[in-house]
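Chemist: generate coordinates for the sequence data below:
(2 chains)
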Amino acid sequence: MSSRRPYVESPVIMATVRLVAPFVLTYGIFVTLHGASSPGGGFQGGVIAAAVIIMLSFAYGIDLTWEWIDKRVLVGLVGGGVALFGAIALGAVLFGGQFLEVGVYPIPEPDKYGIELVEVGIGMTVAGVVTSLFFTLARGAMPPVGEDGESGRDDEGTAATDGGTFSSEAPGSEETGGDGPVRDGPDAPEGGDRA
Amino acid sequence: MITPIEAGLLVFIVATAVMTALLRDVLAAIIVFGGYSLGMAILWIVLQAPDVGLTEAAVGAGVMTVLFLATIARTTRLTGLEATTVDVNLPAAALCVVFVLAVLTTVPALPAVGAGPGENPAFGEISEYYVEEAYDDTHVENVVTAVLVAYRGFDTFGEATVVFAAGVGVLAVLRRGVFE
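Modeler: I've put the predicted structure just below:
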């Protein structure tokens, strides 16, 4: 690990991610919910929603974002999505239809909203699985710089100040507190030689 | 007929695909592969398949690139290989070229993009049926979604289960619990 080039938290990336993340999340939810009327659906929307978490990891550090995530929500998304799909499919039998015959639900436009609910279930599972896969692979790959004993870079002071300013609602804000929010990140490989 | 945009995209896609195979530097190969996926996504949209394009852009260009980057971040990457290519096995490369040429001879037999049901033996009436009947059957404007969830809901249920099982399987194989 000591060969890894440390990633210094970049105010530019943090500010960009903070600005873009809500819109990307909204777009992911839109693509999921609007899959019946426009291109998209649960598979695409789930991936886009998971991309928000990956973006946050880029900006705030993979391990800190992983600590910030409530794992029960993640497990609930992965299992709950399939369970929701299955429940909608089976529920149709209760209303006298066949398995997956969503048109029999006693709601307005049952076909359309049944399909939308199925898409939501798909999106939940996909978002949860993509997020889990990312963290399973990336967790621990880029430890905070303190573990490498490589602190005291010149830009650390600046980064710490900016981190403090930004971090009021930032993920992992508790952790960013004192000792310089300097982390490894996905930018590290681009940094060049780490032989 | 093929438009200049499509031709340019196809050249870009083939070039990036070949470069992905040839580049020795893993990071460079991953970046070029991301470019390849982006080219594919744009091509799908040019060919009026926005659902597939959206998937390709989100999964191929986005998440796959990130997962590859995470993988090389956890392994080692040889440096100092910038812009060098792997040693090409010439007989194997010649065989690939012959295979590609053989496949290319079958292309004129394919129906044109956007051909009507009469000229399109591969799909014929069934695609017309979906386009015409999907809204009345399901009250869903996007035919792709109608086919995905309504006509082939059982397949899609299987797909969602496969995604679930794949996630659980990867976690089990890598032996990293979520609650560590």
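Chemist: need the helix or strand of chain B with the lowest average pLDDT.
Modeler: helix B:125-138 (a mean of 81; mean pLDDT, DSSP states H and E).
Chemist: that one - contacts with which helices or strands?
Modeler: helix A:110-138, helix B:143-145 (3 or more Cβ pairs under 8 Å, 6 or more residues apart in numbering or on different chains; DSSP states H and E). The C-beta positions use only the backbone N, C-alpha and C, and glycine is treated the same way.
Chemist: tell me if I'm right that A:Glu119 and A:Ser37 touch.
Modeler: No - using Cβ atoms under 8 Å as the test, A:Glu119 is too far from A:Ser37 to be in contact (11.3 Å).
Chemist: neighbour-wise, which of those two wins?
Modeler: A:Glu119 (28 against 13; other Cβ atoms under 10 Å in any protein chain shown).
Chemist: in contact with that one, which residues?
Modeler: With contacts defined as Cβ atoms under 8 Å, 6 or more residues apart in numbering or on different chains, A:Glu119 is in contact with A:Thr32, A:Leu33, A:Gly35, A:Ala36, A:Gly41, A:Gly42, A:Gly45, B:Thr145, B:Val149.
Chemist: how about the nearest residue to the residue positioned nearest the centre of chain B, chain neighbours excluded?
Modeler: Geometric centre of chain B, nearest residue: B:Glu56, 5.8 Å, by Cα atoms, centre = their mean. Nearest non-adjacent residue to B:Glu56, counting by Cβ to Cβ, 6 or more residues apart in numbering or on different chains: B:Ala41, 4.0 Å away.
Chemist: and for A:Met14?
Modeler: Per Cβ to Cβ, 6+ apart, closest to A:Met14 is A:Ala59, 4.6 Å.
Chemist: related to what we said a few turns ago, on the three-state scheme, the residue nearest to B:Glu56 is what?
Modeler: helix (DSSP: H, G, I helix; E, B strand; the rest coil).
Chemist: tell me where the model's unsure across chain A.
Modeler: Applying pLDDT under 70 to chain A flags residues A:1-8, A:142-195.
Chemist: coming back round to it: and the gap between the residue nearest to the centre of chain B and B:Val100?
Modeler: Going from B:Glu56 to B:Val100 by Cβ to Cβ, to the nearest Å gives 22 Å.
Chemist: equivalent analysis for B:Ile5, please.
Modeler: In terms of Cβ to Cβ, B:Ile5 sits 23 Å off from B:Val100.
Chemist: pull the number of nearby residues for A:His34.
Modeler: 18.
Chemist: hang on, it packs against A:Gly40?
Modeler: Yes - using Cβ under 8 Å, A:His34 is in contact with A:Gly40, at 6.4 Å.
Chemist: is any residue of the stretch of helix or strand A:Val73 belongs to near chain B?
Modeler: Assigned by DSSP states H and E, A:Val73 falls within helix A:71-94. Yes - residues of helix A:71-94 are located near chain B by Cβ under 8 Å from any Cβ of the partner chain, namely A:Lys71, A:Leu74, A:Val75, A:Val78, A:Gly79, A:Gly81, A:Val82, A:Phe85, A:Gly86, A:Ala89.
Chemist: follow-up on the earlier one: and for A:His34 and A:Gly40, which residues touch both?
Modeler: With Cβ under 8 Å, 6+ apart, A:His34 and A:Gly40 have no common neighbours.
Chemist: nearest spatial neighbour of A:Leu25, skipping sequence neighbours?
Modeler: A:Val52 (4.7 Å).
Chemist: ok so, going back, tell me what angle the helix holding A:Val73 forms with helix A:110-138.
Modeler: Angle, helix A:71-94 to helix A:110-138, by axes from the mean of the first three to the mean of the last three Cα atoms, to 10 degrees: 150 degrees.
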